[in-house]
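1. Task: produce atomic coordinates for the following.
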Amino acid sequence: MQLKGFGDRLLIASHNRGKIDELRALLEPVGMPVTSAADLELDVPEETGTTFEANALLKARAGHETTKLASLSDDSGLCVEALNGDPGVYTADWAGPDRDFAMAMRTVEEKLQAAGANSPDARRAKFVAVLGLIHTDGSEETFRGEVEGTLVWPPRGDKGFGYDPIFQPDGYDITFGEMVADEKHGWTHGESTGLSHRARAFEKFFNAIVSAGPA
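-> You can find the predicted model right below:
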């Protein structure tokens, strides 16, 4: 399918295989051919923004400028109430250069314990995802999704990626790390609303591109 402003292929401007796989799965109903920054071995841009929106657009711009393709990027993170919203835009940085998320989850737990956050009410958090889109003509849009929940310890589940094993979304008794992809995202066009932050952001993106119509 070719949509207005997208050309014949969409770039997922990411090197994170977990994010790439999730976005590929979400994009499947669109029927648009996709590639990724990882597939094309593009340079990784430095994320200098102080908001999710700024970093999402920074990565999407870098991909578009190099390939001239319509470019879709994700910037997402975990915001913990008891930690004043940290790690926030620095969520990946807490995992270090080797992206050791087991270490990152331990760091979050240690900081929660130091803050005396032991009850579920004191361990509230949300995942935030912002999709940054650059059209072939260089115009820009962002789409934000959030999901609230509670942080659990010890981690549970080996599905998903990142901080998924410690995040239990509201209304569920299992973590994102215990959910299969269909359950975690919980979105089908015209049938259900997204559960994950990325699915909720993608739902807004999908509705926007469908309303734009074919090229």
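
2. where does this protein have low pLDDT?
-> Within the chain, the stretches with pLDDT under 70 are 1-5, 187-192, 210-215.

3. Would you state the strands of it in chain order?
-> 10-12, 34-36, 70-80, 124-134, 140-151, 167-169 (DSSP state E).

4. The fifth one: which residues count as buried?
-> To tie it back to what came earlier, the one meant is strand 140-151. Within strand 140-151, the residues scored as buried using 16 or more other C-beta atoms under 10 Å are E141, T142, F143, R144, G145, V147, G149, T150, L151. Any C-beta I mention is one placed from the backbone N, CA and C, and that applies to glycine too.

5. Name the nearest of the residues you listed relative to A129.
-> Nearest to A129 among these is G145, at 5.0 Å by C-beta to C-beta.

6. does that closest one have beta-bridge partners, and which?
-> Assessed by DSSP bridges, G145 has beta-bridge partners A129.

7. ok now do it, which residues does it touch?
-> G145 is in contact with 128-131, 194, 196-204, counting by C-beta atoms under 8 Å, 6 or more residues apart in numbering.

8. can you list the buried residues of strand 140-151 in CSV and add distance to W94?
-> Listed next are these as CSV, based on distance: C-beta to C-beta, whole Å:
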residue, distance to W94
E141, 28
T142, 23
F143, 25
R144, 21
G145, 21
V147, 19
G149, 18
T150, 19
L151, 14
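
9. Pick out whichever of these sits closest to I12.
-> Among the buried residues of strand 140-151, F143 lies closest to I12 (C-beta to C-beta), at 14.3 Å.

10. so how far is S71 from A56?
-> 10 Å (C-beta to C-beta, to the nearest Å).

11. returning to that earlier point: quick check, nearest of the buried residues of strand 140-151 to L11?
-> Nearest to L11 among those: E141, at 15.0 Å, using C-beta to C-beta.

12. pretty sure the closest one is in contact with A208, am I right?
-> Yes - look at E141 against A208 with C-beta atoms under 8 Å: they come within range, at 6.8 Å.

13. Let's have the strands of the chain in a markdown table, adding distance to A25.
-> Shown next, in a markdown table, are the strands of the chain (distance: least, C-beta to C-beta, whole Å):
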| stretch | distance to A25 |
| --- | --- |
| strand 10-12 | 11 |
| strand 34-36 | 11 |
| strand 70-80 | 13 |
| strand 124-134 | 14 |
| strand 140-151 | 15 |
| strand 167-169 | 18 |
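
14. which residues in the chain form helices?
-> For the chain, applying DSSP state H gives helices covering 17-27, 52-67, 101-114, 181-185, 197-212.

15. show me the contacts for A82.
-> With C-beta under 8 Å, 6+ apart, A82 has these contacts: L112, A115, A117, A122, R123, R124.

16. For ChimeraX, write a command that selects the buried ones of those.
-> The buried residues among these can be selected in ChimeraX (16+ other C-beta under 10 Å) with this line:
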select :112,117,123,124
